[in-house]
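Peer 1: Make a model of this:
(one chain, ligands or ions: 1)
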Amino acid sequence: MKVTIVGAGNVGSTCADAIAFKRIASEVVLLDIKEKFAEGKALDMTQTSSLLGFNTKIVGSTNDYAKTAGSDVVVITSGIPRKPGMTREELIGVNAGIVKTVTSNILEHSPDSIIVIVSNPMDTMTYLTLKETGLPKNRIIGMGGALDSARFRTYLSLALNKPSNDIHAMVIGGHGDTTMIPLTRLASYNGLKISDLLQESELSKVAADTMVGGKTLTGMLGTSAWYAPGAAVSSLVQSIACNHMKIFPCSALLN
Ligand code: NAI
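Peer 2: Residues are numbered from 1 along each chain as shown. I've put the predicted structure just below:
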């Protein structure tokens, strides 16, 4: 299994790190336009392999798509992230051009790859990629719901004081502060309905915090978050690579 990640910035490199650490792929290629940046990240990560115990080959590339050839899954994280006070939609002007160019380069070298879109505004970028490439709908997947659901589970876990791994909960809808739909009624803790365990006001607060989860972190960090986004992408890639048949809320075309 070969996975390419375009954009070796915060989200891309965290995702590459998680994929290598979890031994999801035999090879991970990180590509960026910044000279030697992806190579540096790849070398640094490779130097963790004997410490963390993985053998994944990690390759860095400065805009050389030949190195990405034959990838099974390609993750697109290239583009600018939002700054405090910005909406994801405001990134469209810059990121649309980047995503278009990157996808066309990718498909030249990996015509059969499954493409996972992360760059924001993610839902729009996913649709744009689908339209531009004309690929079948099951080969273009937008990642947002996996992250939003992880945030929802975290806030539920904090409110309940129970481990997030024992909580099942999902966010559907768009990957935007006002378009997300945390499914509060269906959330459960070890089979128990969370709506029976929390007050309605507590559950509403959890839902509201989830919807602005990205904005809250951007305000604290001065840029978009990366640990949970990178981990969310790695879970999605793992499910595709290992055919786990898991259910993830994603951005995908429905007929
Ligand atoms: P970042 O600025 O740390 O990294 C972006 C990288 O893309 C930079 O290293 C830059 O050099 C590279 N890049 C720019 N143009 C390129 C091109 N044409 N080819 C190859 N590389 C190129 O940004 P970060 O924080 O990693 O975020 C990346 C994107 O992911 C942003 O658009 C952000 O809004 C989005 N995002 C999406 C999430 C989601 O759930 N869908 C969650 C978090 C971030």
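
Peer 1: And for residue 15, the neighbour number?
Peer 2: 31 (other C-beta atoms under 10 Å). For the C-beta atoms, the positions are set from N, CA and C on the backbone; glycine is no exception.

Peer 1: export the helix or strand harbouring it as PDB, just CAs?
Peer 2: Secondary structure here is read from DSSP states H and E; on that basis residue 15 sits in helix 10-21. The C-alpha coordinates for helix 10-21 follow below in PDB (Å, rounded to 0.1, in the frame of the first residue of the first chain):
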ATOM      1  CA  ASN A  10       0.800  20.800   9.900                       C
ATOM      2  CA  VAL A  11      -2.000  18.500   8.800                       C
ATOM      3  CA  GLY A  12      -0.100  16.600   6.100                       C
ATOM      4  CA  SER A  13       2.900  15.800   8.200                       C
ATOM      5  CA  THR A  14       0.800  14.800  11.200                       C
ATOM      6  CA  CYS A  15      -1.200  12.500   9.000                       C
ATOM      7  CA  ALA A  16       2.000  11.000   7.500                       C
ATOM      8  CA  ASP A  17       3.400  10.400  10.900                       C
ATOM      9  CA  ALA A  18       0.200   8.600  12.100                       C
ATOM     10  CA  ILE A  19       0.000   6.500   9.000                       C
ATOM     11  CA  ALA A  20       3.700   5.400   9.400                       C
ATOM     12  CA  PHE A  21       3.300   4.900  13.200                       C
END
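
Peer 1: And for that helix, what's in contact with it?
Peer 2: 3, 5-6, 8, 25, 28, 30, 32, 41-42, 45, 48-49, 52, 54, 56, 58, 75, 77-78, 81, 118, 223-224, 226-227, 229-231, 233-234, 237-238 (C-beta atoms under 8 Å, 6 or more residues apart in numbering).
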